[in-house]
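Chemist: here's my sequence, what's the structure:
(one chain, ligands or ions: 3)
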Amino acid sequence: MEHLNQEKSAEADVQATPEASATKASRKVFVKTYGCQMNVYDSDRMTDALTNDGYEATDAMEEADLVILNTCHIREKAAEKVYSELGRIRKLKEEKAKDGKQMMVSVAGCVAQAEGAEISRRAPVVDLVVGPQSYHRLPELLNRASNGSKVVETEFDIEEKFEHLAKPTKEAVRKRGVTSFLTVQEGCDKFCTFCVVPYTRGAEVSRSVEQIVGEARRLAGAGVREVTLLGQNVNAWHGEGPDGREWGLGELLFELAKVDGITRLRYTTSHPRDMDDALIAAHRDLDILMPYLHLPVQSGSDAILKAMNRKHTRDEYFRLIDRIREAREDIAMSGDFIVGFPGETDQDFRDTMDLVERVGYASAFSFKYSPRPGTPGALLEEQVEESVKSERLSELQALLAQQQQAFNASLVGQNIEVLFEKMGRREGQLAGRSPWLQPVHVNAPAELYGEMATVEIVSSTANSLEARLI
Ligand code: SAH
Ligand code: SF4
Ligand code: F3S
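Modeler: Ligands and ions are numbered 1, 2, ... in the order given. As a prediction, the model looks like this:
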């Protein structure tokens, strides 16, 4: 540690003059992110830790001294992508070696956790395999791998990695924009029978109120306006509040609403079983909590919900949504669906279609069931044929697309609030998001970047809205 600190301060001295910094070749890191928002958050934390260790982030893999793939294991296709990418990286590494340049390769994330040493056996180009709970040890692990020995680190550390990871600099936060993710919870204890997350991310862990509020304040201080709280099971978050009582996500949202500078709050992903009264009350009472809820149900059939171990019925889901809509009339629903879970009959699938008709989704993700090694679902006998899965998926996606289009169209003519978070595709345009998460394109002066504005929606497409300033 001593040694690292000295190196850092020495570098700071060198960078004080531009001429000197130009002569100092800094190492570059390229991070590629797959999978969910939690991986996006983790990739930024890894970049922050490595920046502190003398690395500079780059968007060009060719110029990197270190390549990190932050991977996803949720479906077979997601995991396979990693190996095809590693094939390309091997060629790049060989070419660089011809020029006498070195490149380290690390696989992080959920494939790293699930496959461990198997990865470097199958892809010898990999120097370091690091699971999601060990990122705070990244500099030390890279150091160990740098002498050519293969390092695999997939322990579930009891240490809280986030509290040990470097905090981003104000400059780094600014570069990332006015919206930010903030992981409040990791892991999952639910063990749905199709899902790898409890194995790749481990048991549920909640960060403390103090840590979360501290991070939100730092983000707001660096210009962030919208914070999305993340967790594989975000509404299972719980922790001791400053009043000594056990808080849930609802209470936490009330606390975060007090942070100066934050104008919008969101959270994802929720489980229907953990939507408690305080959280529903937050949707009723907190204006800065956006009226959009991602609440995956996976299936509309009671038999399949049971086989998936979701621990609720379709009726309970309907009643829950009624309660949420009573609390916040304009809330838009979003969800995830799996078709072709083992044993799913035509009637089960019709029940899913019926559930979608009844709920009405503003947006949704839907997938063909992918049997995952190590999960109970993969061992079930009545696997559904691929062609049947494909048919069901297209029928479901057609309905979901129609609902999304109708939802977007229903906003035309309305005045809504937009937070401008990007320069637009066209000159003179800014892009923002509606309260319901749709991208909104507006002709607006660049000074409005990072600001909220009221706009009138003039047209809609399947995926976005067009608006004018008023
Ligand atoms: N915690 C969230 C889901 C996280 S995984 C929840 O409880 O809903 C994200 C989505 O991937 C899931 O909602 C599910 O729809 C999909 N998914 C997970 N495992 C899958 C599998 N084996 N095959 C197909 N889709 C899967
Ligand atoms: Fe996976 Fe179920 Fe946990 Fe969601 S709740 S992460 S689907 S096991
Ligand atoms: Fe994928 Fe891991 Fe997220 S499996 S969806 S990256 S938790």
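Chemist: just the strands from the stretch 301-450 of the chain, written as ranges.
Modeler: Secondary structure of the stretch 301-450 of the chain (DSSP state E, counting those that start in this stretch): strands located at 332-339, 363-368, 415-423, 429-433, 439-443.
Chemist: for those, give me JSON lines that also has mean neighbour count.
Modeler: C-beta here means a position set from N, CA and C on the backbone, and glycine is covered the same way. Listed next are the strands of the stretch 301-450 of the chain as JSON lines, based on neighbours: other Cβ atoms under 10 Å:
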{"stretch": "strand 332-339", "mean neighbour count": "22"}
{"stretch": "strand 363-368", "mean neighbour count": "18"}
{"stretch": "strand 415-423", "mean neighbour count": "19"}
{"stretch": "strand 429-433", "mean neighbour count": "22"}
{"stretch": "strand 439-443", "mean neighbour count": "20"}
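Chemist: now those in TSV, with mean pLDDT and distance to Ala278?
Modeler: Formatted as TSV, the strands of the stretch 301-450 of the chain follow (pLDDT from 0 to 100; distance: least, Cβ to Cβ, whole Å):
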stretch	mean pLDDT	distance to Ala278
strand 332-339	98	20
strand 363-368	98	26
strand 415-423	96	25
strand 429-433	97	26
strand 439-443	97	31
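Chemist: in JSON lines: the ones you listed, plus distance to Ala462.
Modeler: Listed next are the strands of the stretch 301-450 of the chain as JSON lines, based on distance: least, Cβ to Cβ, whole Å:
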{"stretch": "strand 332-339", "distance to Ala462": "15"}
{"stretch": "strand 363-368", "distance to Ala462": "10"}
{"stretch": "strand 415-423", "distance to Ala462": "18"}
{"stretch": "strand 429-433", "distance to Ala462": "16"}
{"stretch": "strand 439-443", "distance to Ala462": "11"}
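Chemist: quick one: which of the ones you listed is nearest Lys98?
Modeler: strand 415-423 (39.4 Å; Cβ to Cβ).
Chemist: looking at this, Arg88 is in a strand?
Modeler: No. With DSSP: H, G, I helix; E, B strand; the rest coil as the criterion, Arg88 is assigned helix and is not in a strand.
Chemist: what does the pLDDT read for it?
Modeler: Note for Arg88: predicted pLDDT of 96.
Chemist: what's the neighbour count on it?
Modeler: When neighbours are defined as other Cβ atoms under 10 Å, Arg88 has 11 of them.
Chemist: what's the answer for Glu95, then?
Modeler: 12.
Chemist: for Met61, same thing?
Modeler: Look at Met61: counted by other Cβ under 10 Å, it has 16 neighbours.
Chemist: and it, how far from ligand 1?
Modeler: Relative to ligand 1, Met61 is positioned 27 Å away (Cβ to the nearest ligand atom, to the nearest Å).
Chemist: that residue against Phe30, yeah?
Modeler: Yes. Taking contacts as Cβ atoms under 8 Å, Met61 lies within contact range of Phe30: 4.7 Å.
Chemist: identify the contacts common to those two.
Modeler: Val67 (Cβ atoms under 8 Å, 6 or more residues apart in numbering).
Chemist: returning to that earlier point: ok, which of the strands of the stretch 301-450 of the chain comes nearest ligand 2?
Modeler: Of all the strands of the stretch 301-450 of the chain, the one in closest proximity to ligand 2, counting by Cβ to the nearest ligand atom, is strand 332-339 (8.0 Å).
Chemist: briefly note if the closest one comes near ligand 2.
Modeler: No. Contact of strand 332-339 with ligand 2 (Cβ under 6 Å from any ligand atom) is absent, the minimum separation being 8.0 Å.
Chemist: orientation of that strand relative to strand 363-368 in degrees?
Modeler: 0 degrees (axes from the mean of the first three to the mean of the last three Cα atoms, to 10 degrees).
Chemist: what are the contacting residues of strand 332-339?
Modeler: So strand 332-339 is in contact with 194, 269, 291-299, 308, 321, 349, 352, 356, 359-369, 389, 392-393, 396, 400, 407, 436-437, going by Cβ under 8 Å, 6+ apart.
Chemist: out of everything not next to it in sequence, what's closest to Arg444?
Modeler: Careful, residue 444 is Ala; it's not Arg. Leaving aside its chain neighbours, Ala444 sits nearest to Leu430 (4.4 Å; criterion: Cβ to Cβ, 6 or more residues apart in numbering).
Chemist: check the gap between that neighbour and ligand 1 for me.
Modeler: Separation of Leu430 from ligand 1 (Cβ to the nearest ligand atom) stands at 31 Å.
Chemist: so that residue touches Val442, yeah?
Modeler: Yes. Counting by Cβ under 8 Å, Leu430 does reach Val442; the two are 5.6 Å apart.
Chemist: tell me, what's touching the two both at once?
Modeler: Common neighbours of Leu430 and Val442, counting by Cβ under 8 Å, 6+ apart, are 420, 424.
Chemist: give me every residue in the chain lying close to ligand 2.
Modeler: 188, 190-192, 195, 197-198, 232-233, 271.
Chemist: give the buried residues for stretch 315-335.
Modeler: Within stretch 315-335, the residues that count as buried by 16 or more other Cβ atoms under 10 Å are 317, 320-321, 324-325, 327-328, 331-335.
Chemist: please compute how far that stretch lies from its chain's middle.
Modeler: Relative to the centre of its chain, stretch 315-335 is centred 23 Å away, using Cα atoms, centre = their mean, to the nearest Å.
Chemist: that stretch near ligand 1 at all?
Modeler: No. On the criterion Cβ under 6 Å from any ligand atom, stretch 315-335 is out of touch with ligand 1, staying 8.2 Å away.
Chemist: please list which of the residues of the chain next to ligand 2 are also close to ligand 1.
Modeler: Among the residues of the chain next to ligand 2, ligand 1 is touched by 195, 197, 232-233, 271 when using Cβ under 6 Å from any ligand atom.
Chemist: so who does the residue nearest to Phe349 when sequence neighbours are not counted touch?
Modeler: Leaving aside its chain neighbours, Phe349 sits nearest to Arg392 (5.1 Å; criterion: Cβ to Cβ, 6+ apart). Arg392 makes contacts with 339-340, 344, 349, as judged by Cβ under 8 Å, 6+ apart.
Chemist: which two among the residues you listed are spaced furthest apart?
Modeler: Within the contacts of Arg392, Gly340 and Phe349 form the most distant pair, 8.4 Å apart (Cβ to Cβ).
Chemist: any of the contacts of strand 332-339 buried? List them.
Modeler: 194, 269, 291-299, 308, 321, 349, 352, 356, 359, 361-364, 366-369, 389, 392-393, 396, 400, 407, 436-437.
Chemist: show me the helices in the stretch 101-250 of the chain, by range?
Modeler: Along the stretch 101-250 of the chain, the segments classed as helices by DSSP state H, counting those that start in this stretch run 109-115, 117-122, 138-145, 161-164, 170-176, 197-200, 209-221, 249-256.
Chemist: by mean pLDDT, show me the worst of those.
Modeler: In terms of average pLDDT, helix 161-164 trails the rest of the helices of the stretch 101-250 of the chain, at a mean of 82.
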